[in-house]
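Engineer: below: sequence and its predicted model.
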Amino acid sequence: MLHVADAIELIRARTARLGCEEVPLAHALGRTLAADVASAEDLPAFDNSAVDGYAVHSIDLAGASPEVPTTLPCEVTISAGQADVAPLPPGRVARIGTGAPLPVGADAVVPVECTAHDETGQVMFVGQPAVGANRRLRGCDLHRDAPVLTQGAVLHAADLMLLAALGRTSATVACRPRVALITTGDEVVPHDQQPGPGQVRDSNLLGLPLVLEQAGADVAFTCHVADSAGELAGVLSTLQGFDVVLTVGGVSMGEADAVRPAIDRLGRVEFWRVAVKPGKPLLFGSLGPAVFFGLPGNPVSALVTIDLFVRPALDAMLGRLGGRRVVTGVWAEAVPSDAKRAEYVRVVAEPDESGSLLARHTGNQSSGRLTTMLGANAYGVIPVGVGAVARGDVAQIEFFEPGVLA
């Protein structure tokens, strides 16, 4: 059996980066940026006010105080969007709105709530503002040619808003890997049907495409087949134009397990079985130009193997850096383990009163218990060679990717 790191390294080595396409910003949410982006202009493009108030020469207000306020005339109002703004003469102030262009000469803005008017209508100031107060200078957010976003970044709403603010209407993104997913098993029925004796609902066919879509894939084909190598081979032989093909179930050593015979006939096996729990019977190879994964059928095993092994392949195709946040914590309780395999225990990782990060398992870690995923936000990884961990032992904690398994 391959170790987890060796399996991932081989998967990445066999997976090529896909091409790219241009999409409108409105359709780019969650897509992967295919090229670095630099700012084509200064942002903001002009000096402007950060508040509603009065543009001033700060030196004019030297010595102003609540006891002895300084009074200055206001003869101009500057509104947001105004095109022509005259310079501000010394000894004068201008009423200015938030976002309005700052007149030349003004070096600060005093908020309107910090002022008053005397009986003649002039503006009273009770203090001297610091130079630059409430002033947003041209380019203070981004200067022209400054780096904005890096290739491989997953585009969020704020990223798209920034691109729009810079005048971009589209983004160059990685093409989404086209994925086909096939669940197998004579005992499996659609999730919306009542199972008969010995049957189970197919939660994999519902949930796994959602996980793959969240990971950046385009799941363009799904179906279920019985435990028949011939039927499975028939479906696999019809698949064209896919980057990744996944089967779920039928990948172990039972007489009815159909995946290995079908791939031996139609494709190529790179490895079969990994020293990991859950997910040992994972098969990886190729089916024509497509990368092929044979996933175990238990729902937790399927979820974990997608997260540990399929995601690195998708990341490589998308040009993402990949990887997950790994930190050191403490086991909150004892957990037994199979020393022959690395165990990925579903845990809730959160700090205790002292700030130490505690890893608390989510119950019996059987791969058939979907409830172990509920509330979990990370794996507590018990490495190969360790038969058990005790309460207080050091824990390697690998957090789920936000929005995918978390």
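Structural biologist: That came in fine, so what should we check first?
Engineer: contacts and neighbour counts: CA atoms only from here.
Structural biologist: Will do.
Engineer: for Ala302, grab phi and psi.
Structural biologist: The phi/psi pair for Ala302 (degrees, to the nearest 10) reads phi -60, psi -40.
Engineer: burial count for it?
Structural biologist: Look at Ala302: counted by other CA atoms under 10 Å, it has 23 neighbours.
Engineer: for it, give me the pLDDT.
Structural biologist: pLDDT, Ala302: 96.
Engineer: contact partners for it?
Structural biologist: By CA atoms under 8 Å, 6 or more residues apart in numbering, the contact set of Ala302 is 204, 208, 248, 279, 295-296.
Engineer: mind running it again at 6 Å?
Structural biologist: The contact partners of Ala302, by CA atoms under 6 Å, 6 or more residues apart in numbering, come to 295-296.
Engineer: pretty sure Cys74 sits against Val93.
Structural biologist: Yes: the criterion here is CA atoms under 6 Å, and Cys74 meets it with Val93 at 5.1 Å.
Engineer: more neighbours: these two, which one.
Structural biologist: Set Cys74 next to Val93 and count neighbours by other CA under 10 Å: Val93 wins out with 27 against 17.
Engineer: give me the mean pLDDT for stretch 339-348.
Structural biologist: Taken as a whole, stretch 339-348 has a mean pLDDT of 96.
Engineer: residues in contact with that stretch: which ones?
Structural biologist: Contacting residues not belonging to stretch 339-348 are listed as 275-277, 359-362, 376-387 [CA under 6 Å, 6+ apart].
Engineer: quick one: buried residues of that stretch?
Structural biologist: Buried residues in stretch 339-348, counted by 16 or more other CA atoms under 10 Å: 340-348.
Engineer: in three-state terms, label Ser237 for me.
Structural biologist: State at Ser237, reduced to three classes by DSSP: H, G, I helix; E, B strand; the rest coil: helix.
Engineer: now swap in Glu41 and tell me
Structural biologist: Secondary structure assignment for Glu41 (three-state DSSP): coil.
Engineer: spit out the contact partners of it.
Structural biologist: Listed by CA under 6 Å, 6+ apart, the contact partners of Glu41 are Arg144.
Engineer: for Pro278, list the residues it contacts.
Structural biologist: If a contact means CA under 6 Å, 6+ apart, then Pro278 has 301, 367 as its contacts.
Engineer: tell me how far it lies from Asn298.
Structural biologist: Pro278 sits 9 Å away from Asn298, going by CA to CA, to the nearest Å.
Engineer: same check on Thr184?
Structural biologist: Taking CA to CA, one finds Thr184 at 11 Å from Asn298.
Engineer: swap in Leu137?
Structural biologist: Distance of Leu137 to Asn298, given as CA to CA: 58 Å.
Engineer: and for Arg31?
Structural biologist: Separation of Arg31 from Asn298 (CA to CA): 30 Å.
Engineer: looking at those two, which one has more neighbours?
Structural biologist: Neighbour count, other CA under 10 Å: between Arg31 and Asn298, Arg31 has more, with 23 against 19.
Engineer: so who does Val37 touch?
Structural biologist: Contacts of Val37 (CA under 6 Å, 6+ apart): 148-149.
Engineer: list the neighbouring strands of the helix or strand harbouring Ala220 plus their orientation.
Structural biologist: Assignment of secondary structure by DSSP states H and E places Ala220 within strand 218-225. Partners of strand 218-225 in the sheet, by DSSP bridges, are strand 178-184 (parallel).
Engineer: which other helices and strands does the following helix or strand past the partner strand contact?
Structural biologist: Tracing the chain past strand 178-184, the next element assigned as helix or strand by DSSP H and E is strand 188-189. With contacts taken as 3 or more CA pairs under 6 Å, 6 or more residues apart in numbering; DSSP states H and E, strand 188-189 sits against strand 200-201.
Engineer: now the next helix or strand after the strand it packs on, how far from the centre of its chain.
Structural biologist: Next helix or strand after strand 200-201 toward the C-terminus (DSSP H and E): helix 203-214. Averaged C-alpha coordinates place helix 203-214 at 17 Å from its chain's average position (CA atoms, centre = their mean, to the nearest Å).
Engineer: where does this protein have its least confident helix or strand?
Structural biologist: Of all the helices and strands that make up the chain, strand 188-189 has the lowest average by mean pLDDT, DSSP states H and E, namely a mean of 88.
Engineer: contacts for that strand?
Structural biologist: 199-202.
Engineer: any idea how far that strand is from the middle of the chain?
Structural biologist: Between the centre of strand 188-189 and the centre of its chain there are 33 Å (CA atoms, centre = their mean).
Engineer: neighbouring strands for that strand, and are they parallel or not?
Structural biologist: Using DSSP bridges, strand 188-189 pairs in its sheet with strand 200-201 (parallel).
Engineer: can you pull the pLDDT of Phe399?
Structural biologist: On the pLDDT scale, Phe399 is placed at 95.
Engineer: quick one: residues contacting it.
Structural biologist: Phe399 neighbours (CA under 6 Å, 6+ apart): 325, 378.
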